[in-house]
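> Quick one, structure for this:
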Amino acid sequence: MQVNGACHCGEITFTAEADANFCVLCHCRDCQVMSGAPYRSILPVKEANFTLNTGQPKCYYKRGDSGNRRELTFCGDCGTHIYATSVEEDVPQGKRMLGLRTGMLAEVADLPPKRQVWCESKIAWADDLPALHTPEQNGQ
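Numbers count the residues shown, from 1 in each chain. I've put the predicted structure just below:
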């Protein structure tokens, strides 16, 4: 399916071709800290299937929980996370997978996660979200 993404301020926009069957929830500590949430929803896409339409993401490099070097991109203006991937020098050209952050995709409602990863870091209460009070309108 084609997905369309934009950062919060609209400076960065992109399109990508992805398989919705590979959407995951990641519970790694990096995703928790960087998203400010107990987990993050990610849609992997081949780098060759990603088209940056406007803007230029900034990059941050770190070693992930896996021990691999990671390139994390974000909007330098509003801070929206765009994707994470392997560092170019570590993967043959054209073989990188980009982990798009699904919250910024126009099609997010059509991308339910199919599995969970890094569950050893999972926050226990994240399993019991249906038990929370759910108002019919915001602010109640």
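> residue ranges with poor pLDDT in the protein?
For the chain, the stretches with pLDDT under 70 are 65, 132-133, 139-140.
> Output the contacting helices and strands for the strand or helix carrying Asn4.
In this assignment (DSSP states H and E), Asn4 forms part of strand 2-6. With contacts defined as 3 or more CB pairs under 8 Å, 6 or more residues apart in numbering; DSSP states H and E, strand 2-6 has these neighbours: strand 13-17. All C-beta spots, glycine's among them, are computed from the backbone N, C-alpha and C.
> Quick check: neighbours of the strand it packs on in the sheet, parallel or antiparallel?
Strand pairing for strand 13-17, determined by DSSP bridges: strand 2-6 (antiparallel), strand 50-54 (antiparallel).
> Buried residues in that strand, which are they?
14, 16 (16 or more other CB atoms under 10 Å).
> Give the buried residues for the strand holding Asn4.
Applying 16+ other CB under 10 Å to strand 2-6 flags 3, 5-6 as buried.
> cool, and stretch 23-40?
Buried, per 16+ other CB under 10 Å, within stretch 23-40: 23-28, 30-32, 34, 38-40.
> Done for today, thanks.
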